[in-house]
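Enquirer: Sequence and predicted structure, then a few things I'm wondering about:
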Amino acid sequence: MTAVHGQLLALAASLFLGLVFTRLRPVLLFSGGAIALVMLGQLPMDRLLNLAANPAVISLLLLLLASAGVEKTRLLGWLSGRLFRGSYRSTLMRMGGGTLAASAFLNNTAVVAALMGRVRSNADHLPSRLLLPLSYAAILGGTLTLVGTSTNLIVNSFLLEAGKPGLAMFDFLPVGLGAAVAGLGLILLLSPLLPHNRHDREEEDPYFIEAKLQPGSPLAGRTVQENGLRALERLYLAEVVRRHQVISPVSPDTRLEEGDKLVFCGDVSRVTLLSQFRGLTLFAEGQAPLERQLTEVIVSPTSTILGQTLKSAEFRSRFDAAVVAMRRRGARLSGKLGQISIEAGDVLVLATGPGFVPSPRHFFVVGDTQLQAPLKPLQEWLAIGGFVTALALSALGWVELVAALALLLLVMVSTGILSAQEVRARFPFEIWLIITGALAVADSVAQSGLALLASEQLHRLFNGQGVLVAFVGVYLVALLLTELMTNNAAAALSLPLALGLADAFGTSAMPFVMAVAYGASASFISPFSYQTNLMVMSLGQYRLRDYLRLGLPLSLLYSAVVLTLIPRFFPF
């Protein structure tokens, strides 16, 4: 082993440890890794730029942007209106099938975001009985096609960079369909295990709402009881923050002073009750007009504001939205609203300005709030028809996917389906940087000979057991990594190992490649390993045991199906 190999091993180990044991975002780790390779002379800059312009990577970026145009149509709203009716089992079957079909071609986080508001508001079935199956169905649907999930496109980009034939649109369908049908059947069978969490407003985790006593307010100098702040419907005065002191619990005899921050807990829909008190202003007032329709969002695990406070993140100027209220699953918030660190899965109620664009990079909108002017019928037909046509032409091999999507995006912008501002807000910079960084590490490992050296050692380890054991081992590595970090990072770290093992055994690379693709998509056990699992956690009032109770059997069945079907459709 050379010094170069030692440097690369140290870099790979640092990436792994950083992804698993730190709160650093994957984009920082992979970008830092790529820069380190250039600085160490392991990777020429022109090679790094070529990796960033990989056709499969550009296809993924264009696909996510084009999907944003389809999301603005009434397609998902129309679909959701036909799913949630009838008996529980029939609703579960329709929702599962519809979500599978939609997630096979659209961004599955967008599908879940569009449907979970309808799940929440339906009067027939508890949200906790439907939201987790919705997330799992979206994950299963993403495994059906090349464009169903970013994981599949990342795997395809690695194949192209390795000089191997790329994957076709429906190469994933035979195995994915078997896993999806089996998975939905198991979800239906185990549905009695889903919790019966009531979704009444008063039983939810309460919202955290802050108001300030302004100078000259007639409330100052009077007690809480005298001001009538103890008898508010569905709002409870939990704390008074006075300079650096927190008064809690608040006695009816507590006398208020100018500048006090009053912290209420309860139902955010009753927030307008506070407007009746002169000199008492909400945290959001003065930042955005509260007469606008309030928008409820969930903070994405990919947001760059994680770990920051509302003030340090400059939330108002950055997003043209002011936070009216905030809540966190399983936690009681305390202190000043502007000084609470933001975490993934936090639910915010926003008073939005005209420049607010709900980018999935930062937020998932809950419910059916229409934040933009609706598309005209011709624009809707153009968006949906253009998207279907682009995918069909690519699937038939008549046009390259990257060319079809580039033309579609140009048409969407020129016809007003998407604005330039929306394209900028929705551009997936983080995914682009993560994939580029992962490709850079993989390319350096391959060019240095370290991949060959590692694969030879692994070949010796597995040689006595045979290629099938090595194949299962690669799948389990990808499965474990996706539960510890993210699906994209798991695919990026696992695929060089898979390709090296295939070369060492002298077999086709496809079984190993598919093992990585399906293993990295098996995010069923943890709420934090996949965005859709985290999205439904707060609204469904789920706990970790709920994911284990349904996700563990689903993960075992999914693994058994894909490990059985992959060798049948992709022989060694």
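Expert: Good, I have the coordinates. Since this is a predicted model, take the numbers as computed values, not measurements.
Enquirer: was I right about Val297 contacting Leu348?
Expert: Yes - with contact defined as Cβ atoms under 8 Å, Val297 reaches Leu348; the gap is 5.3 Å. To be clear about C-beta, it is placed using only N, CA and C from the backbone, and glycine gets the same treatment.
Enquirer: Give me the common contacts of the two.
Expert: Phe363 (Cβ atoms under 8 Å, 6 or more residues apart in numbering).
Enquirer: Excluding sequence neighbours, find me the nearest residue to Leu557.
Expert: Leu186 (5.3 Å; Cβ to Cβ, 6 or more residues apart in numbering).
Enquirer: following the helix or strand containing the one you found, which helix or strand comes up?
Expert: If you go by DSSP states H and E, Leu186 is part of helix 173-190. Of the helices and strands lying after helix 173-190 in sequence (DSSP H and E), the nearest is strand 207-213.
Enquirer: What strands flank that following strand, and is each parallel or antiparallel?
Expert: Here strand 207-213 is paired, per DSSP bridges, with strand 261-266 (antiparallel), strand 280-282 (antiparallel), strand 321-327 (antiparallel).
Enquirer: And the average pLDDT for the second one is what?
Expert: It stands for strand 280-282. Mean per-residue pLDDT for strand 280-282: 83.
Enquirer: Strands of the stretch 101-250 of the chain, start to end?
Expert: 207-213, 235-242, 245-247 (DSSP state E, counting those that start in this stretch).
Enquirer: Out of those strands, which is the most enclosed?
Expert: Mean neighbour count (mean count of other Cβ atoms under 10 Å) peaks for strand 207-213 among those, with a mean of 24.
Enquirer: one step back: and the residue nearest to Leu557, how far from Pro192?
Expert: Distance from Leu186 to Pro192, counting by Cβ to Cβ, to the nearest Å: 12 Å.
Enquirer: Of the two, which one has the most company?
Expert: Neighbour count, other Cβ atoms under 10 Å: between Leu186 and Pro192, Leu186 has more, with 17 against 7.
Enquirer: Ser559 versus the more buried one, what's the distance?
Expert: For Leu186, the distance to Ser559 equals 12 Å [Cβ to Cβ].
Enquirer: now Gly117
Expert: As for Gly117, its distance to Ser559 is 32 Å (criterion: Cβ to Cβ).
Enquirer: cool, and Trp78?
Expert: Look at Trp78 and Ser559: by Cβ to Cβ, they are 35 Å apart.
Enquirer: likewise Ser275?
Expert: Counting by Cβ to Cβ, the gap from Ser275 to Ser559 is 55 Å.
Enquirer: All the helices of the stretch 401-550 of the chain, in order from the start?
Expert: Remark: helices assigned in the stretch 401-550 of the chain by DSSP state H, counting those that start in this stretch are 401-414, 420-426, 429-448, 450-462, 467-484, 487-505, 510-520, 531-540, 544-569.
Enquirer: how would you label Leu79: helix, strand or coil?
Expert: Of the three states, Leu79 takes helix under DSSP: H, G, I helix; E, B strand; the rest coil.
Enquirer: ok, now which ones touch it?
Expert: With contacts defined as Cβ under 8 Å, 6+ apart, the neighbours of Leu79 are Gly98, Ala102, Leu115.
Enquirer: rerun that using 6 Å as the cut-off
Expert: Counting by Cβ atoms under 6 Å, 6 or more residues apart in numbering, Leu79 makes contact with Gly98.
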